[in-house]
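Participant: Have a look at this prediction, sequence included:
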Amino acid sequence: MIKGKFIDNLPKVYGLYTGGFIVFILLMAIGEQMGMSSKAIGICFVTFTIAIYAIIGYLSRTMQADAYYVAGRQVPTVFNGMATAADWMSGASFVAMAGGIYFKGYGYMALLVGWTGGYVLVASLLAPYLRKFGCYTVPDFVGTRYGGNLARFCAVIVLTVASFTYVTAQINATGTIASVALDIDFKYAVYVGLISILLCSLLGGMRAVTWTQVAQYIVLIIAYLLPVFWISNKLGAGFFPHFMLADEVARIGELEQQFGFVKNSAADLASVPKGLAGITKAHSAVNATPWAFISLAVCMMAGTASLPHVMMRYFTTPSVRAARRSVGWSLFFIFLLYSSAPMLATLSKLSLMDPNLSTGIIGKSIADVQAIEWYKNWNQANLMFISDFNSNGTLELNEFFMGGKAVVLATPEIAGLPYVISGLVAAGGMAAAMSTADGLILAIANALSHDLYYKIIDPKAETAKRLIVARALLVIIGFAGATIAALEIQGILGSVIWAFDFAMSGLFFPLVLGVWWKRANAPGAVAGMVLGLLSGTAYLIWVRNGGSGFLGITQLTFGLVGATVSLVSMVLVSLATKEPGAAIQKLVDDTRIPSGKSVLGKQH
Amino acid sequence: MSNKDRYWQKTRNLLWVTLAIWFVFSIGIFLFGTQMEASSIKPLGYPLSYYMTCQGSLGIFVILVFWFANRQEKIDDEFGYSEREDN
């Protein structure tokens, strides 16, 4: 079924799929009316969608190297755009982003600018050239462009460090959602999440991941947009929230003035459960210095352009031209969700804060709020907390605490939407986390199997053997990630940002200069990768252990240190050593023009 | 100058223009966050600083990438470096 014909029928296949999914939502809504329990609805949503992904994964099974590594290089632009958007938007984007905006306002929005602006760099500096190169993995490009196993090996190391940091956060997110939706212990839910992830990628590699990611994008975007529009209309805030919430944003500003931000004492805060926060920052006012904003945005942009699981999506397009356009589509599909997150944060905050709305709780009596059904549920789930610090019996702004995830997960319920929407949101969050985890695990496993095993250890290995090694690695990396995720060391969003900084420290300049500077050579690239990664990591460790840092660079922007060291050392070492030979010069020339054969053969 | 060199020169110029626009909307304007907030320009009624972070810059990036792809395709065609359809 999934062969040439499938590619020609993509719009029809995914159109039917989308229709089917909407019918499923309606059936669940009818079920709810007829008395289906909310727990049953949650279970149906999560299991139904995972079953669909697993079927797609099974149908896309393959034993061919180019199908396994690059989906046979025949993914059309728009669909590759959707797959990239799903690959890109992680559990963090889906579940935590609106919450971050809700609590931190302007300063946090640097992430939105960074996570979209990075695609301009991807399109103009890298993606089309790496596509022309014809590599299977990012280290494949580094290894061939600079020549030598050492450069290839260093690229594998950087890729693994960055992607592994990222993937534990994603498996953690699938575990969180599975544990809530299926009502099982987090320790086991993590492995349920992992098995769902492996079902998508194990048999068909990149081909299977591509087609499941398209399906996951459709689920996650419906699950994100539907509640935003519904809540906006229900609150009477505007038919099209993105263009019509100016009054609501202004109203929040007024209410902030009226209630005032009162700082809680340390003793009071000690009683608040870990992970919950109160509203302490202005919603729309500029609350960060230009440098804090820009340094974070720059790190996210450079990180975007160096994260291998995104880059390798552009290896699957049929041509260089398609790769460029595909970046535009990816960004468009990402924009749909990112531009909605601030609107969701606005609606969520207004519905809780505004005393004129029936949902508003600030200014009400503590006893009344404690009796509200949704408050009881989310308090029990450890995502909401109130306490009467000043003992006046009324809830003040500084006496209400909420977890970041609650903005996405609880707002539909607060606004009085039917439970079916909450089930849909759970399925969307699961899709977002699974699609990113799949992309990342595949990026690591492919780099280890193709670059480390096949190119360095056993260059004579048969295709069948290579693909078995690739699959074994997929399972091993998945379990390693799940085991670490189960330990819950670092929050979801923190580890995501670290991953960007790691990738930027080690890979950004070796990749960019590989295309744009012919004089760059192997010793330079090795120095750039090794010193960049080491200096970035050293800075992170220093700041984490109480170091003061310099130039206002924090543990979230340590990539600035790594990338600067990487650039300087790469340029100096390149200039101090021999110019690359004629063969490499020719190879760079070939990379720069779209026409002609790809630099690496179709099967390599 | 060979065909290839002229092609690469034009490609590089396009890169600089693209990066310049990118720089303005990802870095440049955020040097002036407070000025943007105080500005009387209010797209759709939102404060300018808020609007740029949640829609403005993001939307400009989307348009910029498509514009870049179109311009680059024109350069490819001009110098005969476009890929054949069967590629």
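Facilitator: It's in. Numbers count the residues shown, from 1 in each chain, chains lettered A, B, ... in the order given.
Participant: how many other residues sit next to residue 43?
Facilitator: In the absence of a named chain, this looks at chain A. Residues within reach of A:Ile43, counting by other CB atoms under 10 Å in any protein chain shown, total 16. Quick note: C-beta positions are derived from backbone N, CA and C, even for glycine.
Participant: Oops, wrong one, chain B.
Facilitator: When neighbours are counted by other CB under 10 Å, B:Pro43 comes out with 14.
Participant: likewise A:Gly546?
Facilitator: Residues near A:Gly546, counting by other CB under 10 Å: 6.
Participant: Let me know the helix or strand that A:Met402 is in.
Facilitator: According to DSSP states H and E, A:Met402 maps onto strand A:400-403.
Participant: Counting by contacts, list what that strand packs against.
Facilitator: Counting by 3 or more CB pairs under 8 Å, 6 or more residues apart in numbering or on different chains; DSSP states H and E, the packing neighbours recorded for strand A:400-403 are strand A:276-277, strand A:384-386.
Participant: hmm, stretch A:317-337 in reach of chain B?
Facilitator: Yes: using CB under 8 Å from any CB of the partner chain, stretch A:317-337 comes into contact with chain B via A:Pro318, A:Ser319, A:Val320, A:Arg321, A:Arg324, A:Arg325, A:Val327, A:Gly328, A:Leu331, A:Phe332, A:Phe335.
Participant: Confirm that the last one sits in a strand.
Facilitator: Put plainly, it is A:Phe335. No: A:Phe335 is assigned helix when assessed by DSSP: H, G, I helix; E, B strand; the rest coil, not a strand.
Participant: give the contact list for it.
Facilitator: By CB atoms under 8 Å, 6 or more residues apart in numbering or on different chains, the contact set of A:Phe335 is A:Thr116, B:Leu58, B:Gly59, B:Phe61, B:Val62.
Participant: Based on its surroundings, how many neighbours for the residue nearest to A:Gly514 when sequence neighbours are not counted?
Facilitator: Leaving aside its chain neighbours, A:Gly514 sits nearest to A:Arg145 (4.6 Å; criterion: CB to CB, 6 or more residues apart in numbering or on different chains). Neighbour count of A:Arg145, defined by other CB under 10 Å: 28.
Participant: check which helix or strand covers A:Arg145.
Facilitator: Secondary structure from DSSP H and E places A:Arg145 in helix A:138-146.
Participant: Residues contacting that helix, please?
Facilitator: Helix A:138-146 is contacted from outside by A:130, A:133, A:135, A:149, A:151-156, A:159, A:308, A:311-312, A:443, A:447, A:450-451, A:455, A:507, A:510-511, A:514, A:520-522, A:525-526, A:529, A:580, A:584, A:587-588, A:591, A:599-600, using CB under 8 Å, 6+ apart.
Participant: So which of the residues you listed belong to helices?
Facilitator: Within these, residues falling in helices by DSSP state H are A:130, A:133, A:149, A:151-156, A:159, A:308, A:311, A:443, A:507, A:510-511, A:514, A:522, A:525-526, A:529, A:584, A:587-588, A:591.
Participant: Identify the residues contacting residue 48.
Facilitator: By default, I'm working from chain A. Applying CB under 8 Å, 6+ apart to A:Phe48 gives the contacts A:Phe24, A:Ala427.
Participant: try chain B instead
Facilitator: Going by CB under 8 Å, 6+ apart, B:Leu48 touches B:Met36, B:Glu37, B:Ser39, B:Ile41, B:Lys42, B:Gly56.
Participant: Which residue would you name as the spatial centre of the chain?
Facilitator: No chain was given, so I picked chain A. Note on chain A: the residue nearest the mean C-alpha position is A:Ser90, at 2.7 Å, using CA atoms, centre = their mean.
Participant: hmm, I had chain B in mind actually
Facilitator: B:Leu64 (3.6 Å).
Participant: So that one sits against B:Thr18, correct?
Facilitator: Yes: applying CB atoms under 8 Å as the test, B:Leu64 and B:Thr18 come out as touching, 6.6 Å apart.
Participant: so which residue of chain B comes closest to chain A?
Facilitator: B:Gly45 (2.9 Å; CB to the nearest CB).
Participant: give the contact list for that residue.
Facilitator: For B:Gly45, counting by CB under 8 Å, 6+ apart, the contacting residues are A:Ala246, A:Asp247, A:Ala250.
Participant: mind checking the SS state of the second one?
Facilitator: Judged by three-state DSSP, the three-state class of A:Asp247 is helix.
Participant: ok, the contacts of B:Gly45 vs chain B, which is closest?
Facilitator: Within those, proximity to chain B (CB to the nearest CB) peaks at A:Ala246, which comes in at 2.9 Å.
Participant: C-terminal to the helix-or-strand element of chain A with minimal mean pLDDT, what's the next element?
Facilitator: Across the helices and strands of chain A, mean confidence by mean pLDDT, DSSP states H and E is lowest for helix A:4-8: a mean of 71. Sequence-wise, the next helix or strand downstream of helix A:4-8 (DSSP H and E) is helix A:10-33.
Participant: In chain A, where is pLDDT below threshold?
Facilitator: A:1-5, A:488-493, A:601-604 (pLDDT under 70).
Participant: Helices along chain B, start to end?
Facilitator: Counting by DSSP H, the helices of chain B are B:3-26, B:33-38, B:48-51, B:57-78.
Participant: Out of those helices, which one sits most buried?
Facilitator: Ranked by mean neighbour count, the helices of chain B are led by helix B:48-51 with a mean of 23 (mean count of other CB atoms under 10 Å in any protein chain shown).
Participant: Now find how far off-centre that helix is within its chain.
Facilitator: 19 Å (CA atoms, centre = their mean, to the nearest Å).
Participant: same question, stretch A:276-293
Facilitator: 22 Å.
Participant: Show me what counts as buried in that stretch.
Facilitator: Buried positions in stretch A:276-293, judged by neighbour count with 16 or more other CB atoms under 10 Å in any protein chain shown: A:276-279, A:281-288, A:292-293.
Participant: Tell me how far the residue nearest to the centre of chain B lies from A:Val320.
Facilitator: Separation of B:Leu64 from A:Val320 (CB to CB, to the nearest Å) stands at 19 Å.
Participant: quick revisit: and the furthest pair within the contacts of A:Phe335?
Facilitator: Greatest spatial distance in the contacts of A:Phe335: A:Thr116 and B:Gly59, 9.0 Å, computed using CB to CB.
Participant: Just the buried residues of the contacts of helix A:138-146.
Facilitator: Buried among the contacts of helix A:138-146 (16+ other CB under 10 Å): A:130, A:133, A:135, A:151-156, A:159, A:308, A:311-312, A:443, A:447, A:450-451, A:455, A:507, A:510-511, A:514, A:520-522, A:525-526, A:529, A:580, A:584, A:587-588, A:591, A:599-600.
Participant: what's near enough to touch the residue nearest to the centre of chain B?
Facilitator: A:Val120, B:Thr18, B:Ile21, B:Trp22, B:Phe25.
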